[in-house]
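Asker: I'll drop the sequence and a predicted model, then ask my questions.
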Amino acid sequence: MGYLSLAVYVEKAIEKMILEALLCCFGFEYGCSLPLENVAKESKFQTMIEYLPGEIIQTIMFRLPVKCLIKCTSVCKSWKSIIKNTSFVRAHLSHNVNNRDGAHLLLLHSGCCGTSHPIKEEVYSLHYDNRVFEEYCKIDFHILRVALGMGEQNFRVVDICHWLVCLADNSIAKTSKYMLWNLSIRKALMLPSSGLTYITHGHFEESIGFGFDVVTSDYKVVRLVTVDGRETLAEVYSLVRDSWRSLGSVKPSCQIYGTQPSAFCNGAIHWVVKRWTNGAFYYFILTFDVGSELFREITMPESTKYPLLWESRVSVSGDGNSLALLSTYRRYTGNDYLVDLWVMKDYCVQESWTKMITLGPQRDIPKTLTFGKSGVAFLLVGDYFQKNRLVLLDMVSRRIRKIENVGYEYCNSIHCYEESRNLVLLGTDNTVSY
């Protein structure tokens, strides 16, 4: 063991010993639910803690798992006050934002279809990121639904960013309801009403993006709204401010079509959009820098400008640092589709677009693309009339196989997720626990 790794090991061991000693001195067990039996015990513990400098306690807490921190809020009032303080939550997030030592998982949104409703039973589950796709756990979304009073309303996953999940309502009535969800602390926040609605602007198409500003430690939700197939407007929600703000008309000018997925990469949110130019639609990637809140344009690979392009969708590469593009198109003859997978090796460098693989010809249309950590990619495939099926694509052998152990007939989305090191929403007002 090298000197540095030995020093880290010793440091962590000391921190655990300090915390364990503090707890055990007063009859608590490290990692337990930490019940307080009486006021006298809490008072004695409080007195003991006062002898420790606050910066030492905070340094130790920064390194503790989220589940342990949640249990620590039951130890004494001072610890609860420290952990639930907004400044501590943001500092804890900044301290752990580059820590990726949690288990790599996949969040699957699936369900069973009914005869009179698109989805009869909505299910969220976590799975291991491997070729077997074993289930890690199911999530009590039904309990959250009841707690929020959502009734039969269905949601879709917009994206997952730094352990926080963003959901949007999946209603064709465009009720524009959005939620931020922290699975590890079992809390959710319904966002306030936005300013762009059917009542204010009439018929529109919308697409949602979700990202994180590392400078301000702020989560942001971005709405793109194309009104009557003409102008596209934008607004942004800030978790720090807990409010929406209009960004006005999007420049460069563009239109969104359908519920386009977005991808957060290199500090920016990305969508595939289109613009009417010289008598035809020109497709490109629109980016939104979460920090500066500015839009810009990225050109798609030249060979994606097929006359019979069906659709293109953005994603993020397996290392999380590169932009990926899935383009589905048809030949001049026949009804089968071809699918090209591209990766931009150097961000914003047009010449760095690299075609990784071509699939087909095939009847199925890929709906989403998620890269795993083990050299595989997960695709949701199906045509317009079919229920989506989850398949695994081996990037080396280029073989596709259906994943059989999902357990549900309808798969709506799949996203990468890591065991959380995030306390966000813990001290936030108007959250719902479940």
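Answerer: Received the coordinates, thanks.
Asker: Residue 271 against residue 222, yeah?
Answerer: No - Residue 271 lies out of contact with residue 222 (CB atoms under 8 Å); the separation is 9.3 Å. Where you see a C-beta, it was placed from the backbone N, CA and C, and this is true even at glycine.
Asker: Taking the centroid of the chain, which residue is nearest it?
Answerer: Nearest to the geometric centre of the chain sits residue 160, at 0.5 Å (CA atoms, centre = their mean).
Asker: May I have the secondary structure class of that residue?
Answerer: With DSSP: H, G, I helix; E, B strand; the rest coil as the basis, residue 160 sits in strand.
Asker: Who are the contact partners of it?
Answerer: 107, 166, 210, 415, 416, 417 (CB atoms under 8 Å, 6 or more residues apart in numbering).
Asker: Which of those are buried? Put it as a PyMOL command.
Answerer: In PyMOL, this line selects whichever of those come out buried by 16 or more other CB atoms under 10 Å:
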select buried, resi 107+166+210+415+416+417
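Asker: For residue 354, state which of the contacts of residue 160 is nearest.
Answerer: residue 416 (21.2 Å; CB to CB).
Asker: which residues pair with that closest one across the strands?
Answerer: Taking DSSP bridges as the rule, residue 416 bridges to residue 106.
Asker: pLDDT value on it, please?
Answerer: As predicted, residue 416 sits at a pLDDT of 91.
Asker: Tell me what the residue nearest to the centre of the chain is bridged to.
Answerer: With DSSP bridges as the rule, residue 160 is bridged to residue 165.
Asker: how near is it to residue 278?
Answerer: 39 Å (CB to CB, to the nearest Å).
Asker: Over to residue 393?
Answerer: 36 Å.
Asker: Residue 65 contacts residue 421, doesn't it?
Answerer: Yes - counting by CB under 8 Å, residue 421 is a contact partner of residue 65 at 7.3 Å.
Asker: re earlier: just give me the closest of the contacts of residue 160 to residue 59.
Answerer: Of these, the one sitting nearest to residue 59 (CB to CB) turns out to be residue 417, at 27.6 Å.
Asker: Quickly find the element holding residue 296.
Answerer: In this assignment (DSSP states H and E), residue 296 forms part of strand 295-298.
Asker: Would you give the sheet partners of that strand, along with the direction of each?
Answerer: Paired with strand 295-298 in the same sheet, following DSSP bridges, are strand 280-289 (antiparallel).
Asker: Check what contacts the strand it pairs with and list those residues.
Answerer: With CB under 8 Å, 6+ apart, strand 280-289 has contacts from 209, 211, 222, 224, 234, 250, 252, 254, 267-276, 294-300, 304-305, 309, 312, 314, 323, 325.
Asker: Filter those down to the buried ones.
Answerer: 209, 211, 222, 224, 234, 250, 254, 267-275, 295, 298, 300, 304, 312, 314, 323, 325.
Asker: measure the residue nearest to residue 345 when sequence neighbours are not counted to residue 299 for me?
Answerer: Nearest residue to residue 345, sequence neighbours excluded (CB to CB, 6 or more residues apart in numbering): residue 352, at 4.2 Å. Using CB to CB, residue 352 is found at 12 Å from residue 299.
Asker: residues near residue 162, how many?
Answerer: Number of residues near residue 162 (other CB atoms under 10 Å) recorded here: 19.
Asker: Residue 320 too?
Answerer: 13.
Asker: and what of the one 10 residues further on?
Answerer: Neighbouring residues of residue 330 were enumerated by other CB under 10 Å; the total is 17.
Asker: In the protein, what helix or strand scores lowest on average pLDDT?
Answerer: When each helix and strand of the chain is scored by mean pLDDT, DSSP states H and E, helix 3-24 comes last, with a mean of 50.
Asker: quick revisit: just the ones in strands from the buried ones among the contacts of strand 280-289, please.
Answerer: Here DSSP state E is the test, and these give 209, 211, 222, 224, 234, 268-275, 295, 298, 312, 314, 323, 325 as lying in strands.
Asker: check contacts around residue 422.
Answerer: With contact taken as CB under 8 Å, 6+ apart, residue 422 is in contact with 66, 92, 93, 96, 162, 163, 164, 182, 184.
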